[in-house]
Structures are given as C-alpha cells and as structure tokens.
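Peer 1: sequence first, then the predicted structure, then my questions.
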Amino acid sequence: MEIWTNNDLWLHKNLIKEDAALTKASDAIKNTNLPQMEVSPAMGKFLYLLAKIAGAKRILELGTYYGYSTMWLAKSLPCDGIVISLESCALFADMAQENINEAGLSDKVSIIQGDAAALLKKLIVEKADPFDMIFIDAHKPSYPEYLELSLLLSKPGTVICGDNVVREGELPNISNTSPIITGVREFIEALGTLESVESTAIQTVGIKGYDGFTLSVVK
Ligand code: DHB
Ligand code: MG
C-alpha cells in the first residue's frame, strides 16, 4: 500500500495545493486520536471541481466531521452560494464551525447539528429549495434512507455523490450482513434500480487505502 500512499502524496504536491486553513485543520486532527476519516486532499478537490462543473449554488452535505470536505465544497461556491452541512456529533460540529470561521468561510456554510435523517425530514417539511449537489458521507447503515430523503431535496440535474462505498470489497459477499455493509449495499442497489437517477461508482486507491464513491445525476 505504501506505493499508493506515496503516489497520492506526490499527486497532492503537484496538483492540489490546498490552502493554509485546510492544511491547518487536517494537521490538527493528526495530533489527536480522532480518526482520519475525512476525504483525502485529492478527493476534496474532486468534490470542489465537481461542484464547479455542476455550477452548484446550494450544496447539502451529510456528515461534516471537522469540516474538511465542507471547506472544499464552500470554496467552490459563487458569493451567493451555501453549503448546508449536517453533523450528529456536537463536538465535531463545534470543531467544524471553528475551522470554517478561521478559514473565512462562515458566510458560505451553515452547520446544523443533529441526526442527518431527522434533519433531512425537517428540510423536506419546511420545503427547503432543492440542492444542486448532495454529498452523502454520514452514518453508513443509513445510506439507503439518506438517498430516499435526498431525492426529495433534489431536482433534475442534482449531483449526488456517496463516499466510502467500496468497504474492502465486501458488498458482493451477501453472507456479510453487518449494518455498514448492508446499508451501503442497499444504497448501491437502490441507485441501480431507481428510474430517477443515472449512476456510476469509481473505486479509488491512495492515502486512505482502497476506497470509492458513487456519482449520480438526477434525471
Ligand atoms: C469512515 C467514515 C468515512 O466517512 C470515511 O471517509 C472513512 C471511514 C468510518 O466510519 O470508518
Ligand atoms: Mg467519508
């Protein structure tokens, strides 16, 4: 795996050039015993570019953690754009808010603390405007529910990206019924079955080992 870590770091050095606030936030996490489960720099910039390609003004993120992907997404936005990011853990939501304030991105980000599915239901009841892009990265067993609810906050053209869908290759192993595996498996099966979206999935390798994401566009 070292070869792919080294190669990813080399790609980062050449292509990513993340700004100081992003580096500071991810360096701070490395000095704690919190997990390094944020997206890689290359994936962060991929999300940023995807949001730009989509011309996204309203982005919804499920799972803020300390705000690393949130900041990449916020940096993609025009001045009247917004990222609404949902985070169940109050500690993480506070850490993210601090990082976002320090990055000067607070006018482009709204972090809402609470259970993502419950907050999605609230946004639906409140008739929130549809989002241009939705990044699903929260509780893996809940991915099928997140998808169902996300589609109610979408419109034709909405880009939906789901993180961490490779799960060490265990999805095709139907004897594996752990909640994370069944959640992500059902999420992908739903994407394949739904008439309303066109989807693909890309496997990746890099500093986070083998991983992957789904990409969908609402018809
Ligand atoms: C985990 C969650 C993530 O969102 C991620 O990117 C990597 C790992 C986890 O729960 O282990
Ligand atoms: Mg993730």
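Peer 2: That came through, no problem. Ligands and ions are numbered 1, 2, ... in the order given.
Peer 1: so the residue located most distally from the centre of the chain: helix, strand or coil?
Peer 2: For the chain, the residue at maximal distance from the C-alpha centroid (C-alpha atoms, centre = their mean) is S175, at 27.9 Å. Secondary structure, DSSP: H, G, I helix; E, B strand; the rest coil: S175 is coil.
Peer 1: renumber starting at 25 from here on
Peer 2: All right, first residue 25 from here; so that's S199.
Peer 1: now do the strands in the chain.
Peer 2: Secondary structure of the chain (DSSP state E): strands at 82-86, 106-111, 133-137, 157-160, 183-187, 221-230, 233-242.
Peer 1: the shortest one pairs with which strands?
Peer 2: Spelled out, that is strand 157-160. In the sheet, strand 157-160 lines up against strand 82-86 (parallel), strand 183-187 (parallel) (DSSP bridges).
Peer 1: and this structure, which residues reach ligand 1?
Peer 2: Applying C-beta under 6 Å from any ligand atom, we find that the chain lies next to ligand 1 at M61, D161, D187, N188. Where C-beta positions appear, they are placed from N, C-alpha and C, glycine not excepted.
Peer 1: so who does the third one touch?
Peer 2: Meaning D187. Contacts for D187 were tallied using C-beta atoms under 8 Å, 6 or more residues apart in numbering; they are V63, M67, G87, F159, I160, D161, F237.
Peer 1: so which of the residues you listed wins on neighbours?
Peer 2: Within those, neighbour counts (other C-beta atoms under 10 Å) peak at F159, which reaches 28 neighbours.
Peer 1: looking at it, S220 is touching L175, isn't it?
Peer 2: Yes - using C-beta atoms under 8 Å, S220 makes contact with L175 at a distance of 6.4 Å.
Peer 1: what do those two both touch?
Peer 2: With C-beta under 8 Å, 6+ apart as the test, S220 and L175 both reach V242.
Peer 1: looking at these two, which is more packed in?
Peer 2: More neighbours surround L175 than the other of S220 and L175, with 18 against 10 (other C-beta under 10 Å).
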